[in-house]
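Asks: turn this into a model:
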Amino acid sequence: MLSEQFVEELVFLFKKNGLPKQSEGCHIWDNGRIKHRYGLLYVPSLKVALYAHRVSWMIKTRSSVPKGMLVCHKCDTPRCVNPERP
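Replies: Numbers count the residues shown, from 1 in each chain. Alright, predicted model coming up:
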C-alpha cells in the first residue's frame, strides 16, 4: 500500500503535466514519451521517470505495481493512461 502522501504527489504530478486527452475510452498521455511511445512522468521524490500508465494504475489502486506484473491495456494503445483499460 502506498502512503497517502505519495499518492497525493503522484496525483499532483499527473495533473501538473496535463490531464490526458480522452479519445474513444482512451485517456491519451500527450506529454513526455520514450521511443516506444509510452508516456513518462518524472517523480522527483524517487528521482526517476515512471511510465505514465503505471502511475495511473498506482493512483487507482493506491499500491505499487508488483514486481514482474505487466500493466497492459485492452486497447493496446501505449499512450493510454485510463486505469479502467488494463
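Asks: how close does Val55 sit to Thr61?
Replies: According to Cβ to Cβ, to the nearest Å, Val55 stands 11 Å off from Thr61. C-beta here means a position set from N, CA and C on the backbone, and glycine is covered the same way.
Asks: between these two, who's got more neighbours?
Replies: Neighbour count, other Cβ atoms under 10 Å: between Val55 and Thr61, Val55 has more, with 25 against 14.
Asks: do you know the pLDDT at the more buried one?
Replies: With respect to pLDDT, Val55 scores 92.
Asks: helix or strand: which one has it?
Replies: helix 52-61 (DSSP states H and E).
Asks: where does pLDDT dip in the protein?
Replies: 19, 23, 35-36, 85-86 (pLDDT under 70).
Asks: where is the longest helix in it?
Replies: Scanning the chain for the helix with the most residues, using DSSP state H, yields helix 4-16.
Asks: how about residues contacting it?
Replies: 2, 41-43, 45, 52, 55-56, 58-59, 62 (Cβ atoms under 8 Å, 6 or more residues apart in numbering).
Asks: and for stretch 33-49?
Replies: By Cβ under 8 Å, 6+ apart, the surrounding residues in contact with stretch 33-49 are 6, 9-10, 13-14, 17, 29, 31-32, 50-53, 55, 78-79, 81.
Asks: could you pull up phi and psi at Gly68?
Replies: The phi/psi pair for Gly68 (degrees, to the nearest 10) reads phi 90, psi -10.
Asks: gap between it and Glu4?
Replies: According to Cβ to Cβ, Gly68 and Glu4 sit 26 Å apart.
Asks: between the two, which one's more packed in?
Replies: Glu4 (9 against 5).
Asks: confirm Tyr42 sits in a strand?
Replies: Yes. According to DSSP: H, G, I helix; E, B strand; the rest coil, Tyr42 belongs to a strand.
Asks: partner residues bridging it?
Replies: Taking DSSP bridges as the rule, Tyr42 bridges to Ala49.
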